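K.L.:
Next comes the sequence, and after it the predicted model I'd like to discuss.
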Amino acid sequence: MAITHTKLPSVAYAAGLAAIYLGERVVEPGRTGAACTLLGLGAIAVALVLALRQGQGRPAGRALPALYGVGLAALAMHFSRGALPSLLGRPTLAASFPRLDTALAALWPAVMFASLLPVLLVELSLAAMARSPLVDARRVRAALLSGLGIVFALVFGFAIVFVAAEIGWKADLSFFRTARASATTKQLVAALDAPVEATLFYPPGNEVAEELAGYFAELARGSGKFTVTRVDQAVDPARAKALGVSSNGVVVIARGEVREQLQIPLKLESARSKLRVLDQDVHKRILAVARGKRTIYLVQGHEERSFTVRQDANPDGSLSKLKELLTMQNLETRELGMAQGLGNEVPTDAALVMVVGPQRPMLAEETAALARYFQRGGRLLVAVDPEAATAGAPLLAALSLEISSTPLANDRMYWARTHQKADRAGIAAASYSSHPALATLAQFGTQLPVVLLRAGALSKTKVTPAPAPKVDFIVKTDAGTWDDKNGNLDFDADREERKAYAVAAAVTLPKSGTDKTATEARAFVLGDSDTLSDLIIVNRANAVFVIDALRWLLGEPEVAGPPNSEEDVPVRHTRKQDAVWFYASVFAAPGAVLLAGWVVTRKRRKREVKA
């Protein structure tokens, strides 16, 4: 069908829409604005008439007039909301039919977009056939449907985003994102026994404030005792002074007169590092205002593991990362030895006493002091290594436990650290009981295996101390684990036995007497001290394991798991792995691309030769 197509109708259509925009949004209301609007409507009417004449009723020529008609329908929706009722002397839709007005406010831009984009694509399609004696109707129809498909997809996406915003659902897939409120922090807020208020001192329109508002709103939904207020320090200096704030960029968490501050810069670029660990910082400060600091003592003086790295010692063997976990729980750490009075009694402010990896026996007086502390309702965390079984035997006996001096090994479930035979000593245990001391791990099971390095098996003593505590073995190894008696890391069926060995135990002693202030004594015992060391505690399961145990010991079984963090975790490779990655990225990957290109090119040439 040989016809001559001109762009004049579409140009008139675009000019009419531009004139209406000027009259409605740019020019001040009055005669000039009304003239621009009427001029624009006239231009659209002219465009519609020209398009109908140019199309002459042919299928390809009916596309543009139909799209212009869709644009007119969108304008009719827009004017029916306010301009047309006002012209007729009637109230606007917002006053008479507010729901219809809201629907039209969202509908008319979508309908207008369904006119503009297809018009553009149809014109581009026709321009590509300008020199052709015929107009391909299928090509015009494909362009039209492509434009409508894009419009429908975008409108659907906008609708999904709007609904998600209305119901408060949010998903952040960006590289940088603010840490979301963890289940731990939510449960902590839900368990508040008194009102706690979070005050955000930020100016209006601040990007950091928007990030903080989403996080704190998520917390506030979980408890009526947690409220969030946003204040501009420059607008309300009196309130800022009352809370000890002198400028914006501060979050204050307060419970009565007890207050904790969190400094987060006003600029997003500067605040990113703080926002990544926001949940940890907020969790720590809520703990600080919800309860006072409690003290945890680490027994020293018998070559135990310590919070600091000793000279000529393996840095991975310290407990510095464990100290960080304790600090996040608002717990203060101190050392306890003969110089601090361990030979007499455990300090009265001790919320928990830890004995981690003693290599030399304690004095009888020290062991007796720890035993009396436990029997009075104290809390103990004891980790003894099999190679130093005799050093920890007296204290374990007071808890009705003993540890084997033979380390365990496994050739199926183990930590492949060096990919050598020695890795079999790093067993992975994932058999958990439903004890409250494993509030989180029991839910995940084999998904979060705890790593132990040269661990020893725990068992009950034949002679029970008085009063007799209750012992629950809560973590066991895989059934393929054996006691490696000769240290060759191979299973010898004639002298060694494969079975599930207990490597962790929860010990409790009920309240004694009629003293209402007495508490249940609790002890958590591990057959390996490496589990708590910097080398292995970076394993998420080990960190969750330790936090679960600590909260059970401190009387908080209802809160499980660590706070969230969006900090980047460094990827560590061995020298061999670094070499593999280097050669794979420099030679193997480009070589594979070149080979694939050569194969495809060769096949294409063969087909051309055959043709």
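P.N.:
Now that the structure is in, tell me what you want to look at.
K.L.:
dump the residue contacts of Gln288.
P.N.:
To be clear, residue 288 is Ala; Gln isn't right here. Val258, Glu260, Asn330 (C-beta atoms under 8 Å, 6 or more residues apart in numbering). For the C-beta atoms, the positions are set from N, CA and C on the backbone; glycine is no exception.
K.L.:
Closest one to Arg310 out of those, please.
P.N.:
Set against Arg310, the nearest of those by C-beta to C-beta is Asn330 (27.3 Å).
K.L.:
Quick one, which of the contacts of Ala288 are buried?
P.N.:
Buried subset of the contacts of Ala288 (neighbour count, 16 or more other C-beta atoms under 10 Å): Glu260, Asn330.
K.L.:
Where helices are concerned, which of the contacts of Ala288 count?
P.N.:
Per DSSP state H, helices hold no members of these.
K.L.:
Can you tell me which of the contacts of Ala288 is closest to Arg81?
P.N.:
Nearest to Arg81 out of those is Glu260 (C-beta to C-beta; 49.9 Å).
K.L.:
ok, now which ones touch that closest one?
P.N.:
Here Glu260 is in contact with Val252, Ile253, Ala254, Arg285, Ala288, Val289 (criterion: C-beta under 8 Å, 6+ apart).
K.L.:
one more time with 7 Å, if that's ok
P.N.:
Ile253, Arg285, Ala288, Val289 (C-beta atoms under 7 Å, 6 or more residues apart in numbering).
K.L.:
Likewise for Ala217?
P.N.:
Val228.
K.L.:
And this structure, what are its domain boundaries?
P.N.:
The chain is divided into the following domains under automatic domain parsing: 8-167, 183-290, 294-553, 575-611.
K.L.:
least confident pick among the contacts of Glu260?
P.N.:
Lowest pLDDT of the contacts of Glu260: Ala288, 83.
K.L.:
So that one, which state does it fall into?
P.N.:
helix (DSSP: H, G, I helix; E, B strand; the rest coil).
K.L.:
hey, where'd the strands end up in the stretch 201-350 of the chain?
P.N.:
226-231, 250-255, 258-263, 294-299, 331-336, 350-356 (DSSP state E, counting those that start in this stretch).
K.L.:
element containing Asp534?
P.N.:
Per DSSP states H and E, Asp534 falls between elements, in no helix or strand.
K.L.:
Make sure it is actually in contact with Lys323.
P.N.:
No: at 9.8 Å, Asp534 does not count as touching Lys323 under the criterion of C-beta atoms under 7 Å.
K.L.:
how far is the lowest-mean-pLDDT helix or strand in the chain from where the chain is centred?
P.N.:
The helix or strand of the chain with the poorest confidence is helix 575-583; it has a mean of 77 (mean pLDDT, DSSP states H and E). Distance, stretch centre to chain centre, for helix 575-583: 31 Å (C-alpha atoms, centre = their mean, to the nearest Å).
K.L.:
Buried residues, it. List them.
P.N.:
Judged by neighbour count (16+ other C-beta under 10 Å), helix 575-583 contains no buried residues.
K.L.:
can you check stretch 385-400 too?
P.N.:
385-386, 388-389, 391-400.
K.L.:
Is it possible to get JSON lines of those residues that adds pLDDT, secondary structure and distance to Gln447?
P.N.:
Below are those laid out as JSON lines (pLDDT from 0 to 100; DSSP: H, G, I helix; E, B strand; the rest coil; distance: C-beta to C-beta, whole Å):
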{"residue": "Asp385", "pLDDT": "96", "secondary structure": "coil", "distance to Gln447": "27"}
{"residue": "Pro386", "pLDDT": "96", "secondary structure": "helix", "distance to Gln447": "28"}
{"residue": "Ala388", "pLDDT": "94", "secondary structure": "helix", "distance to Gln447": "32"}
{"residue": "Ala389", "pLDDT": "94", "secondary structure": "helix", "distance to Gln447": "32"}
{"residue": "Ala391", "pLDDT": "95", "secondary structure": "helix", "distance to Gln447": "35"}
{"residue": "Gly392", "pLDDT": "94", "secondary structure": "helix", "distance to Gln447": "31"}
{"residue": "Ala393", "pLDDT": "95", "secondary structure": "helix", "distance to Gln447": "35"}
{"residue": "Pro394", "pLDDT": "95", "secondary structure": "helix", "distance to Gln447": "38"}
{"residue": "Leu395", "pLDDT": "96", "secondary structure": "helix", "distance to Gln447": "33"}
{"residue": "Leu396", "pLDDT": "96", "secondary structure": "helix", "distance to Gln447": "31"}
{"residue": "Ala397", "pLDDT": "95", "secondary structure": "helix", "distance to Gln447": "36"}
{"residue": "Ala398", "pLDDT": "95", "secondary structure": "helix", "distance to Gln447": "35"}
{"residue": "Leu399", "pLDDT": "96", "secondary structure": "coil", "distance to Gln447": "30"}
{"residue": "Ser400", "pLDDT": "95", "secondary structure": "coil", "distance to Gln447": "32"}
